[in-house]
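[1] sequence below, structure please.
(chains A and B)
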Amino acid sequence: DAMVIQNPRYQVTQFGKPVTLSCSQTLNHNVMYWYQQKSSQAPKLLFHYYDKDFNNEADTPDNFQSRRPNTSFCFLDIRSPGLGDAAMYLCATSRISGRNTEAFFGQGTRLTVV
Amino acid sequence: SQKIEQNSEALNIQEGKTATLTCNYTNYSPAYLQWYRQDPGRGPVFLLLIRENEKEKRKERLKVTFDTTLKQSLFHITASQPADSATYLCALPPSGGSYIPTFGRGTSLIVHP
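    Residues are numbered from 1 along each chain as shown, chains lettered A, B, ... in the order given. Down below sits the predicted model:
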């Protein structure tokens, strides 16, 4: 039944050690998003893909990269994690239409940087 | 740019009472507004959508109102239960050719038995 799946649920990485978070979807949605959410804050958009078109938010650090090899999969790469990158990372999908753009979220990956 | 405001203070209520959460927005005239529920350590889950031409929308114990003049949406949970305890986020649809919805920070609801 799971429609947006994120792996792993919990990730512990060392300061400065590259880490990759993954997201897959079974909804065949054309848009995939990566959000960063810190405690008691709104989800902050890092980037999104509309099909293969990559869109980076202006304030997303260069330390964050993303790949979408096909419709179903999307990856978030953090090249050199800092302590400030510890957060919940949420992947979401939506099908853009004129009537509704409900977002479907994965369970999230909780990243800890030690 | 469009902004969403949700009360940052947690709402504490007694079981059985009606919980009312507020979402205010500025710099925007959205065609619809969405509400999501987020449990600790999990991703948000879509609950309800209300369109600009709808004053009120209901789903089981949930009721959402949308006042486009006040630029405000109210989210009500009637006969609240401890299982309703969660953070509730409102979201505005994409605007200006963007595909990106805008999320509020959410309001935490705590229902005490």
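[2] and chain A, which residues reach chain B?
    A:4, A:6, A:31, A:33, A:40-43, A:45, A:48, A:50, A:88, A:90-92, A:94, A:96, A:100-108, A:110 (CB under 8 Å from any CB of the partner chain). Any C-beta I mention is one placed from the backbone N, CA and C, and that applies to glycine too.
[3] next step: these restricted to strands.
    A:4, A:6, A:31, A:33, A:45, A:48, A:50, A:88, A:90-92, A:94, A:104-105, A:110 (DSSP state E).
[4] emit the PyMOL select command for whichever of the residues you listed are buried.
    Listed next is the PyMOL selection for buried residues among these, using 16 or more other CB atoms under 10 Å in any protein chain shown:
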select buried, chain A and resi 4+6+31+33+45+48+88+90+91+92+94+104+105+110
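[5] host element of the residue nearest to residue A:16 when sequence neighbours are not counted?
    Leaving aside its sequence neighbours, residue A:16 sits nearest to residue A:80 (CB to CB, 6 or more residues apart in numbering or on different chains; 4.9 Å). Applying DSSP states H and E as the criterion places residue A:80 outside every helix and strand.
[6] contact partners for residue A:80?
    Taking CB atoms under 8 Å, 6 or more residues apart in numbering or on different chains as the contact definition, residue A:80 lies against A:16-18, A:63.
[7] now with 10 Å, please.
    Residue A:80 makes contact with A:15-19, A:61-63, according to CB atoms under 10 Å, 6 or more residues apart in numbering or on different chains.
[8] which of those are buried?
    residue A:19.
[9] wait, a strand at residue B:80?
    No: under DSSP: H, G, I helix; E, B strand; the rest coil, residue B:80 sits outside any strand and is assigned coil.
[10] pLDDT value on the residue in chain A that chain B sits nearest to, please?
    Nearest residue of chain A to chain B (CB to the nearest CB) works out as residue A:105 at 3.2 Å. Model confidence at residue A:105, given as pLDDT, is 94.
[11] surely it meets residue B:39?
    No: applying CB atoms under 10 Å as the test, residue A:105 and residue B:39 come out as separate, 11.3 Å apart.
[12] who touches both of those two?
    With CB under 10 Å, 6+ apart as the test, residue A:105 and residue B:39 both reach residue B:45.
[13] contact partners for the residue lying closest to residue B:59 once chain neighbours are set aside?
    Excluding the flanking residues, the one nearest residue B:59 by CB to CB, 6+ apart is residue B:48, at 5.6 Å. By CB under 10 Å, 6+ apart, the residues touching residue B:48 are B:33-37, B:57-59, B:62-64, B:73, B:75, B:90.
[14] low-confidence stretches in the chain?
    Using chain A. Confidence mapping of chain A against pLDDT under 70 gives the ranges A:1-2, A:97-100.
[15] that was the other one, I meant chain B.
    For chain B (pLDDT under 70), the answer is B:1-2, B:96-98.
[16] could you redo the last one with a cut-off of 90?
    B:1-3, B:7-9, B:26-32, B:41, B:52-53, B:55, B:92-102 (pLDDT under 90).
[17] and it, which residues reach chain A?
    B:4, B:6, B:8, B:10, B:31-32, B:34, B:36, B:38-46, B:49, B:51, B:87, B:89, B:91, B:93-94, B:98-106, B:108 (CB under 10 Å from any CB of the partner chain).
[18] what subset of those is buried?
    Looks like these have B:4, B:6, B:32, B:34, B:36, B:38, B:42-44, B:46, B:49, B:87, B:89, B:91, B:93-94, B:99-106, B:108 buried, using 16+ other CB under 10 Å.
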